[in-house]
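# following is a predicted model, sequence given first.
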Number of protein chains: 4
Amino acid sequence: MLIQIDYKDKRPIYEQVIEKIQNLIVRGIIPADEKIPSVRNLAIELSINPNTIQKAYQELERLGYIYTVKGRGNYVAPSSSWKKDRREDYFGELDAVICELITMGVSKEEIIDFVNSK
Amino acid sequence: MLIQIDYKDKRPIYEQVIEKIQNLIVRGIIPADEKIPSVRNLAIELSINPNTIQKAYQELERLGYIYTVKGRGNYVAPSSSWKKDRREDYFGELDAVICELITMGVSKEEIIDFVNSK
Amino acid sequence: MLIQIDYKDKRPIYEQVIEKIQNLIVRGIIPADEKIPSVRNLAIELSINPNTIQKAYQELERLGYIYTVKGRGNYVAPSSSWKKDRREDYFGELDAVICELITMGVSKEEIIDFVNSK
Amino acid sequence: MLIQIDYKDKRPIYEQVIEKIQNLIVRGIIPADEKIPSVRNLAIELSINPNTIQKAYQELERLGYIYTVKGRGNYVAPSSSWKKDRREDYFGELDAVICELITMGVSKEEIIDFVNSK
DNA sequence: GTGGTCTAGACCACC
DNA sequence: GTGGTCTAGACCACG
């Protein structure tokens, strides 16, 4: 797996795990219905306590990114279960940042130029 | 003062205080070199532990939004000391959000439409 | 057979098998004294461990929905052996739900309207 | 507090805690914005590990029944944040039970009689 | 003191 | 072997 924990990061470990796996799923690196590492294996691989991975996996399931089959393992969910939510989340963030920039006197044109320069 | 603490907010209280005062300063509601409430007074007004206000004020000073005069109080710093930093921060955030949206298959045009609709 | 396992369902697989077969029996799709698939065959058909099917069949026998003839297979029991139990179970559930709704301030009339609208 | 754990119950302890506190809140026994016992205190009172209470409280917050203030404690949320969801949940359950009963040949009239007899 | 996170180690149901 | 739950005990940030 391509997951790395950053111990300098102030966020809790389980959040980092969530984010990393979200990334792998959203970018299509792990396809739908593919198995992801077992709680124990990932724990060993990252030298982390299994409970911490467990917490991350449970949250990922709650968010609709994976589904869990007891006695079998965890599998990535079809994109339909998270795609919409995720878009809305990011447009919400975009909205907040734009509000802040406009409040600070940045014009819409400047923002659009910035988007185009990407 | 126009500060309200939201206890249901997940962020620590001192961060909320920082954000609220930043807002008052950035929007020009408190002009440069104006005195802001003393640690003690604000603590009483918000029914909050003075240590919490103290922590917020220290951070605000570190960020360049206020300056402290020993024995006299805290004053709003001139905008030159924070304006640039703040713009860069928000453009950094904007950058991150746009990257995410593009990764998810949202086109630049959609993003620009969204900005224009504001 | 018309059985489908849903791996995203939180319940254990053997419970799903029980429920599905109960349904086929209760709705009369498999008549009394009809043979149901052998443990082995159903296991193969559903790509499931035979132990899981075995557990489901044992429970179905305990509940009176099927009876087992050693060396010959499993057969649907006559409705007399489960019909009464089942009705009582569901009226018990109905009772519990109605209690909760009333506790929450929902009137009997609202509940009756809901039943009639079905 | 009026909470009792039933060790014969097969459900996990944290679910029992959730259900018990939900009840206290829904029935108005603990009013909105009232403090509920701290994680540690309730753990001691019930002779349960604090982590288990913690899990229950986090779920209760996620469900909108309580809100948490770090360093202060947990408080019951205003009913607006859960009342609607809860009604929908129970009407959903009611719907399922009624479907089952009708499938078994129970008439609407019988069901309505049952409701009226309560 | 309060909640939030983490570790280590255990037992269980399920497959 | 797999996930789910629980205990015991620890450290941290917050107030």
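Nice, thanks for sending it over.
# spell out which residues of chain A are next to DNA strand F.
A:38-41, A:50-51, A:54, A:57-58, A:68-74 (CB under 7 Å from any atom of the strand). C-beta coordinates here come from the backbone N, C-alpha and C atoms, glycine included.
# now, among the residues you listed, which is nearest to residue C:102?
Top of the list for closeness to residue C:102, among the residues of chain A next to DNA strand F and by CB to CB, is residue A:58 at 34.0 Å.
# quick one: the strands in chain A?
Assigned by DSSP state E, the strands in chain A fall at A:35-36, A:66-69, A:73-76.
# interface residues of chain A facing chain B?
A:26-27, A:83, A:86-87, A:90-91, A:93-95, A:97-104, A:106, A:108, A:111-112, A:114-116, A:118 (CB under 8 Å from any CB of the partner chain).
# which residue is the nearest non-sequential neighbour of residue A:69?
For residue A:69, ignoring the flanking residues on the chain, the nearest one in space by CB to CB, 6 or more residues apart in numbering or on different chains is residue C:7 at 4.9 Å.
# the one you found and chain D, how far apart?
Computed with CB to the nearest CB, to the nearest Å, the distance linking residue C:7 and chain D is 21 Å.
# run through the residues that contact that residue.
A:67, A:69, A:72, A:75 (CB atoms under 8 Å, 6 or more residues apart in numbering or on different chains).
# number of nearby residues for the residue nearest to residue A:38 when sequence neighbours are not counted?
Spatial nearest neighbour of residue A:38, excluding adjacent residues (CB to CB, 6+ apart): residue A:73 at 5.6 Å. The number of residues packed near residue A:73 is 15, by other CB atoms under 10 Å in any protein chain shown.
# ok so, going back, gap between the residue nearest to residue A:69 and residue B:64?
Between residue C:7 and residue B:64 the computed distance is 55 Å (CB to CB, to the nearest Å).
# do the same with residue A:34
As judged by CB to CB, residue A:34 and residue B:64 stand 49 Å apart.
# try residue A:3
Note on residue A:3: its distance to residue B:64, by CB to CB, is 37 Å.
# and if you look at residue A:78?
In terms of CB to CB, residue A:78 sits 48 Å off from residue B:64.
# so between the two, which is more surrounded?
Comparing residue A:78 with residue B:64 by other CB under 10 Å, the one with more neighbours is residue B:64, at 17 against 13.
# let me know the pLDDT of the closest residue to that one other than its chain neighbours.
The shortest distance from residue B:64 to any non-neighbouring residue, by CB to CB, 6+ apart, is to residue B:81 (3.9 Å). In this prediction, residue B:81 carries a pLDDT score of 83.
# what count of nearby residues applies to residue B:81?
Number of residues near residue B:81 (other CB under 10 Å) recorded here: 14.
# ditto for the one 10 residues further on
Residue B:91 sits with 16 neighbouring residues when counted by other CB under 10 Å.
# identify the residues contacting it.
Counting by CB under 8 Å, 6+ apart, residue B:91 makes contact with A:101, A:114.
# tell me how far it lies from residue A:111.
Per CB to CB, residue B:91 is found 9 Å from residue A:111.
# and the residue nearest to residue A:38, what are its bridge partners?
Going by DSSP bridges, residue A:73 is paired in beta bridges with residue A:69.
# show the contacting residues for it.
For residue A:73, the contact set (CB under 8 Å, 6+ apart) comprises A:35, A:36, A:38.
# and residue A:87, by the same measure?
Neighbouring residues of residue A:87 by CB under 8 Å, 6+ apart: B:101, B:104, B:106.
# give me the angle between the helix of greatest length in chain A and helix B:83-103.
Secondary structure of chain A per DSSP state H: the longest helix is helix A:83-103. Counting by axes from the mean of the first three to the mean of the last three CA atoms, to 10 degrees, helix A:83-103 lies at 160 degrees to helix B:83-103.
# list the buried residues for helix A:83-103?
Using 16 or more other CB atoms under 10 Å in any protein chain shown as the test for burial, helix A:83-103 gives A:86, A:87, A:90, A:91, A:93, A:94, A:97, A:98, A:100, A:101.
# how much space separates the residue of chain A positioned farthest from its centre from residue B:28?
Computed with CA atoms, centre = their mean, the maximum C-alpha offset from the centroid of chain A is found at residue A:105, amounting to 32.4 Å. Relative to residue B:28, residue A:105 is positioned 10 Å away (criterion: CB to CB).
# and for residue A:3?
The spacing between residue A:3 and residue B:28, counted by CB to CB, is 46 Å.
# what pLDDT does the residue in chain A that chain D sits nearest to get?
Nearest residue of chain A to chain D (CB to the nearest CB) works out as residue A:62 at 8.1 Å. In this prediction, residue A:62 carries a pLDDT score of 94.
# now do residue A:107
Note on residue A:107: pLDDT of 89.
# tell me, how many residues neighbour it?
Other residues within reach of residue A:107, judged by other CB under 10 Å, total 10.
# low-confidence stretches in chain A?
Residue ranges of chain A with pLDDT under 70: A:1.
# all helices for it, in order.
For chain A, the helices defined by DSSP H cover A:13-26, A:39-46, A:50-62, A:83-103, A:108-116.
# what's the closest of the ones you listed to residue D:45?
Closest among the helices of chain A, using CB to CB: helix A:50-62, at 24.3 Å.
# let me see the contact set for the residue nearest to residue A:31 when sequence neighbours are not counted.
Excluding its sequence neighbours, the residue lying closest to residue A:31 (CB to CB, 6+ apart) is residue A:76, at 7.0 Å. Residue A:76 makes contacts with A:25, A:30, A:31, A:32, A:33, A:34, A:36, A:65, A:66, as judged by CB under 8 Å, 6+ apart.
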